[in-house]
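>>> give me a 3D structure for the following:
(chains A and B)
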Amino acid sequence: MSVAETPVARREALRDDRLARYERMIEIRQVEIAIRELHAAGRAWGTTHCADGQEAVAVGIAAAARRSDVIAAGHRTHGLGLALGVTPEALLAEILGRVDGAVGGIGGSIHLTDMSVGLYHTFTIIGTQIPQAAGIALANQVLGRDDVAIALFGDGAANIGAFHEGLNLAAVWRLPVVFVCENNQYAEYTRFDAMTPIADVARRGDAYGIPWEIVDGQDADATTDAMERALASARDGGGPVLLEMKTYRFVGHSRSDRATYRPPGEADTWPDPIDVLGRRLRDEGLLDDEAAAAVEARVRDRIAAALAFAEASPEPEPAAILANVHAGGLACA
Amino acid sequence: MTSDGAAVAATSPPGQAGTRLRMNQAIAAAIADEMRADPSVVCFGEDVAQAGGVFKTSTGLLDEFGPLRVRDTPISEMAIVGAAVGAAAAGLRPVVEVMFAEFYGVAFDPIVTQAAKLHYLSAGQLTVPMVSRGSVGAGRGFGATHSQTCETWFLATPGLKVAVASGARSAYGLLRGAIRDESPVVFLEPKALYGEREHVTTGDAAITPLGVAATLRPGADVTLVALGQMVGVALDAAERLAPAIDAEVIDLQTLLPWDRDAVVESVARTGRLVVVEENPHTGGWGTEVAAHVAATLFGRLRAPVHRVTNPDAPVPFARPLEMRFLPSAEYVAEQVTDLLEAGTLPDPWWKEVA
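The predicted structure is shown next:
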């Protein structure tokens, strides 16, 4: 991978290439480790939300969806952004608040948009992306586009009103939208099963007449296949689909959370999605020690270069504060 | 077609002058004209399609434009407004109805935290050209929770625009301007005016861009700045004040961003500002106007800036109470007269009854 690689090229690289997905998952993990190191060293401002262990969800969505299948997601953004094609340079520069960031340093760790790869926005008000994805699907339906909208949200979002209103509206209008609940077992600091009286978010699809599926979120092949099925159904006029990808967040909710609330040993019961795909690729003869070492080295070099680029990127000028408040360029009072 | 509103929406030729329309008919005509001009304009909300809107502000739209573009929704304001945000960013120009503006309370996030910030947070990649329309104001016996103006709820929200209709004519032009605007717009309609008729000239020449105030009555002695249904009250008050006091009346039309230049230019001439506002006294938008004018024209005012408002109380139901609660033309005229005669702030009516 070269530094000049575009988001579109990075996105297309995942299509029909499981080795590329494997490498992207490693890249995501290593970028998130680098982000935490930036914070620990006091070189990054604000907070950040990592998703170690959830890489197969992000990569599965990116591998299955078209770039015109616009996705609205939540605040745990790094993995999805990188999977969809946002470059490590643009992500790290954004996190550092630099002009070369994905949105020029105006958004930070939790606000990403890159419409060149269909990343609509990563939203920080839990569940708000769900009705918005229904709206994107409405636009597809009215304008006669055969694209599908995707909403990605956590298990915490399944208990907010926007989830229920959004699914219901999408169902009654039969909108081409795939709702993906990334159930990482914790809503911030609180266990999923303590706050949700049923074992599976997916079953809530029945309440809205929406077909649903429970997916092994640690298996990138399973997430890709499930997304492909769901997207095909929605694209063919089948209306919305609800997927629940069961996964696990190996790290705390945010920068300051050391996740001491986990029962001892719980994390060990969840397989690492990088290992799951790596083992399968080896079993199939597609990966060996030498190739795996080359992947690790490429990712390491790539992230080192991206970090250097991001830290060298200038900070925005004050005029950036007033840019893009209104689409018409309305002046401030 | 179920009412004369439908007939108007379906048949009014562009540029026809002098058509007498009720404000709800003017609103339906504005939406219809924009839907004819632009296939990306869609319209949805509770009882908007089959019923033509509970206030008959979308009569005839379903018949003319069909169920793909004109839709009824569940009672789900979070989804209605949230879907409008996504649809706008993805290529439509949604005009969604929030039946009573209080219902924005359950759809505040998609307006204030999402729609208003998406252009900014996407570094200009996304635009959100949506209009949400809400009925506002007292004077119809709907009680405390269906009679607020809710105008100032949105005021401190960069990225958003807020426009308020003051009658059929302004509703037609402003709503068309709002639908054409690239920013998300909250469009508020005083429900007491839905049935009031005015001469309305339809057609593209009537489109009113947002951000521009209208001076409806020239005057030399005092500037009355009003919005929504207070515009009619201010005009009526000006008639009562004449000829002894010559009042200029400005309809702000757009509250966010409000037309500072028009107001300052007027008060610089008249030397006196009275804001006539249907809001609680505390936190009303008139404070913003008063602060700006007082600061800009410091030393050039002939009287203290004054605000005629509602008291700091919820809207009461009983008819005489509701009528006392709202600023009336008589009350505004009395306040202006007292201000000009004494040169000091008159007490509001509630000082005497508290």
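>>> where do the helices of the chain begin and end?
Reading this off chain A. Along chain A, the segments classed as helices by DSSP state H run A:7-13, A:18-40, A:55-64, A:78-84, A:88-95, A:129-143, A:161-172, A:192-195, A:220-235, A:273-283, A:289-312, A:319-322.
>>> wait, I meant chain B there
B:4-11, B:23-37, B:61-65, B:77-89, B:108, B:116-121, B:168-180, B:230-241, B:260-270, B:286-296, B:319-325, B:329-342, B:350-353.
>>> what comes into contact with the last one?
Residues outside helix B:350-353 that contact it (C-beta atoms under 8 Å, 6 or more residues apart in numbering or on different chains): B:Pro311. For the C-beta atoms, the positions are set from N, CA and C on the backbone; glycine is no exception.
>>> roughly how far out does it sit from the chain middle?
29 Å (C-alpha atoms, centre = their mean, to the nearest Å).
>>> burial of the residue in the stretch 151-300 of chain B that chain A sits nearest to, as a residue count?
When distances are taken as C-beta to the nearest C-beta, the stretch 151-300 of chain B reaches nearest to chain A at B:Glu182, 3.6 Å away. The number of residues packed around B:Glu182, counting by other C-beta atoms under 10 Å in any protein chain shown, is 17.
>>> contacts only, for it.
A:His326, A:Ala327, A:Gly328, B:Thr127, B:Pro129.
>>> kindly report the same for A:Ala34.
By C-beta under 8 Å, 6+ apart, the neighbours of A:Ala34 are A:Leu92, A:Ile303, A:Leu307.
>>> report the contact partners of the second one.
I take that to be A:Ile303. A:Glu27, A:Gln30, A:Val31, A:Ala34, A:Pro88.
>>> can you tell me how far the closest residue to the third one other than its chain neighbours sits from B:Pro110?
Of all residues not flanking A:Val31 in the chain, A:Pro88 sits nearest, at 5.5 Å (C-beta to C-beta, 6 or more residues apart in numbering or on different chains). Taking C-beta to C-beta, to the nearest Å as the criterion, A:Pro88 is separated from B:Pro110 by 32 Å.
>>> again with A:Ala199
Shown here: A:Ala199 relative to B:Pro110, a distance of 31 Å by C-beta to C-beta.
>>> neighbour count: the two, which is higher?
Under the neighbour definition other C-beta under 10 Å, A:Ala199 and B:Pro110 were set side by side, and B:Pro110 has more, 30 against 10.
>>> for the stretch 1-150 of chain A, what lies in contact range of chain B?
Within the stretch 1-150 of chain A, the positions near chain B by C-beta under 8 Å from any C-beta of the partner chain are A:70, A:72, A:102-104, A:106-107, A:111, A:113-115, A:120-121, A:123, A:125, A:128, A:130-143, A:149.
>>> swap the cut-off to 6 Å and go again
With the criterion set to C-beta under 6 Å from any C-beta of the partner chain, the stretch 1-150 of chain A comes near chain B through A:103-104, A:107, A:111, A:113, A:115, A:125, A:128, A:131-132, A:134-136, A:138-139, A:142-143.
>>> which parts of the stretch 201-333 of chain A sit against chain B?
Counting by C-beta under 6 Å from any C-beta, the residues of the stretch 201-333 of chain A that sit close to chain B are A:Asn324, A:Val325, A:His326, A:Ala327, A:Gly328.
>>> OK, contacts around the third one?
With contacts defined as C-beta atoms under 6 Å, 6 or more residues apart in numbering or on different chains, the neighbours of A:His326 are B:Ser183.
>>> try 10 Å this time
Contact criterion C-beta atoms under 10 Å, 6 or more residues apart in numbering or on different chains gives A:332, B:116, B:119-120, B:127, B:158-161, B:181-184, B:257 as the residues in contact with A:His326.
>>> domain ranges for chain B?
Here chain B is described, according to automatic domain parsing, as comprising the domains B:4-206, B:214-353.
>>> count the neighbours of the residue in the stretch 151-300 of chain A that chain B sits nearest to for me.
Of all residues in the stretch 151-300 of chain A, A:Glu165 sits closest to chain B, with a separation of 3.6 Å (C-beta to the nearest C-beta). Under the neighbour criterion other C-beta under 10 Å, A:Glu165 is assigned a count of 26.
>>> ok now do it, which residues does it touch?
Each residue near A:Glu165 by C-beta under 10 Å, 6+ apart is listed here: A:127, A:130-131, A:134, B:73-80, B:82-83, B:106-107.
>>> what about 7 Å?
Neighbour list for A:Glu165: A:Pro131, B:Ser76, B:Met78, B:Ala79 [criterion: C-beta atoms under 7 Å, 6 or more residues apart in numbering or on different chains].
>>> and if you look at B:Ala213?
B:Ala213 makes contacts with B:Ile250, B:Asp251, B:Leu252, B:Gln253, B:Asp259, B:Ala262, B:Val263, as judged by C-beta under 7 Å, 6+ apart.
>>> what pLDDT does the model give the residue nearest to the last one when sequence neighbours are not counted?
So the one you mean is B:Val263. Excluding its sequence neighbours, the residue lying closest to B:Val263 (C-beta to C-beta, 6+ apart) is B:Val225, at 5.8 Å. Reading off the confidence values, B:Val225 has pLDDT 98.
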